[in-house]
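Engineer: would you be able to build a 3D model of this:
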Amino acid sequence: MAKLNRIEIGFEGGPVVPAKLDEGQLKDLRKALKNGDSPHEFTSGDETVILDLNKVIFIRIDANESKVGF
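Structural biologist: Next comes the predicted model:
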């Protein structure tokens, strides 16, 4: 199973959407953001997400460090 990166996608106006992407999906999302390819579609878990990249303010990528406790 591919390693999944936990990300948060922040939108204009304040909403934040969490997702889990593998390395290929994350690379594709970064490329789409750089090129302005909107809308962008990906699958996270059993959901399909379609983003209007013109409304995205930030992408936060978890460092994937192991965490114990709170």
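
Engineer: can you give me the strands for the chain?
Structural biologist: For the chain, the strands defined by DSSP state E occupy 4-11, 16-22, 40-44, 47-51, 56-61.

Engineer: who does the first one touch, helix- and strand-wise?
Structural biologist: The one in question is strand 4-11. Packing partners of strand 4-11 (3 or more CB pairs under 8 Å, 6 or more residues apart in numbering; DSSP states H and E): strand 16-22, helix 23-35, strand 56-61. Glycine gets a C-beta too; all of them are placed from N, C-alpha and C.

Engineer: if we go to 7 Å?
Structural biologist: For strand 4-11, the elements it packs on are strand 16-22, strand 56-61, judged by 3 or more CB pairs under 7 Å, 6 or more residues apart in numbering; DSSP states H and E.

Engineer: and what of the second one?
Structural biologist: Here strand 16-22 touches strand 4-11, strand 40-44, going by 3+ CB pairs under 7 Å, 6+ apart.

Engineer: tell me which of these lies nearest to residue 17.
Structural biologist: Closest to residue 17 of the helices and strands packed on strand 16-22 is strand 4-11 (CB to CB; 4.7 Å).

Engineer: now the angle from that closest one to strand 40-44?
Structural biologist: Angle of strand 4-11 versus strand 40-44, following axes from the mean of the first three to the mean of the last three CA atoms, to 10 degrees, is 140 degrees.
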